[in-house]
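**Student:** quick one: sequence and predicted model below, then my questions.
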Amino acid sequence: MARVLDENELVGNWTLVGGELDQLSGRRGATKLGFVLLLRFYALNGRFPTGRAEFPDQVVAYVARLVDVPAAELGLYEWDGRTIKDHRKDIRKYFGFRECSLTDSDKAAAWLAAEVCEKERQVDRVRAELLAHLREERIEPPARDRIRRITGTALRQAEQTQTSRISSRIPAAAIPRLLALIAKSADPGDEPEDQVESAPRRPPAWTPSR
C-alpha cells in the first residue's frame, strides 16, 4: 500500500518554485502535466522516473490541480518518444546537469576506487557514494546496468591496487620461499610419510581357552 503524503510534503516537494514556472510556457494538457511531474521528480531525485508507476496518485492529483490540468490527462502522456526526450533535455539544461558519458563513467570508477573502495567494500554503500558523487558533479546517473559496471570496475581496481601495494613490500629473497609454501599447501600428496598417521593396529581376536 502506497504511503500517504501529508500536505507539507506535497507543498514542499511538488510545488513549482522560482524559475520553474517559466518552463511551462507553451505547454498544455498532458504535455504540461507530464513535464511538471518530470521537472519536480528530477529536482528531488537527481534522475528521471522510469515511468508513471513512480508517481503516487496523490502526487498526480496535487500537481494536476496546481497546473489546472485534469489528472486523467496524464494517461495521454507518452513515456517514450520524441516529446519526453525533449522534456528531459530541457530539464537537464535548466538544472545544469548533463548525461553521463563514457569518459564520465571511467572518471567516476577511478574516483570510487581511490576515494571509497579502498575502505568500503559493501556494494550498496559504494553505489550510494557513486550516486552522491555524480550529483555533486552535476552528472545524471546512468542506467542501473551501467551503475553496476562502474561500481564493479572500481572494486576490482581498488583490490588490484591493494594487492600491488602489499606485494611490493615483500622482500625479493622471501618470494621463492612463499611460492614453495603455496605449492606445498596446494599439493597435499607431497606430505612426508612420517607425518601421515598410520592406521592403528587391530588387537588380535580373543579366543576362548579350551
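**Tutor:** Good, I have the coordinates.
**Student:** only C-alpha atoms from now on, for both contacts and neighbour counts.
**Tutor:** Noted.
**Student:** check contacts around residue 173.
**Tutor:** For residue 173, no contacting residues are found, by CA atoms under 8 Å, 6 or more residues apart in numbering.
**Student:** which residues does residue 97 contact?
**Tutor:** Taking CA under 8 Å, 6+ apart as the criterion, residue 97 is in contact with 138-140.
**Student:** neighbours of residue 113, how many?
**Tutor:** The local packing of residue 113 (other CA atoms under 10 Å) involves 26 other residues.
**Student:** and the pLDDT for it?
**Tutor:** Among the per-residue scores, residue 113 holds a pLDDT of 95.
**Student:** secondary structure element for it?
**Tutor:** Using DSSP states H and E, residue 113 falls within helix 102-115.
**Student:** next helix or strand past that helix?
**Tutor:** With DSSP H and E setting the assignment, the helix or strand that follows helix 102-115 is helix 123-136.
**Student:** circling back: flag every buried residue along the helix holding residue 113.
**Tutor:** Residues 105, 108-110, 112-113 are the ones in helix 102-115 that count as buried (16 or more other CA atoms under 10 Å).
**Student:** out of the contacts of residue 97, name the ones that lie in helices.
**Tutor:** Of the contacts of residue 97, none are assigned to helices by DSSP state H.
**Student:** and the residues you listed, which is closest to residue 154?
**Tutor:** Nearest to residue 154 among the contacts of residue 97: residue 139, at 17.9 Å, using CA to CA.
**Student:** ok, what's across the strand from that closest one?
**Tutor:** With DSSP bridges applied, the residues forming beta bridges to residue 139 are residue 98.
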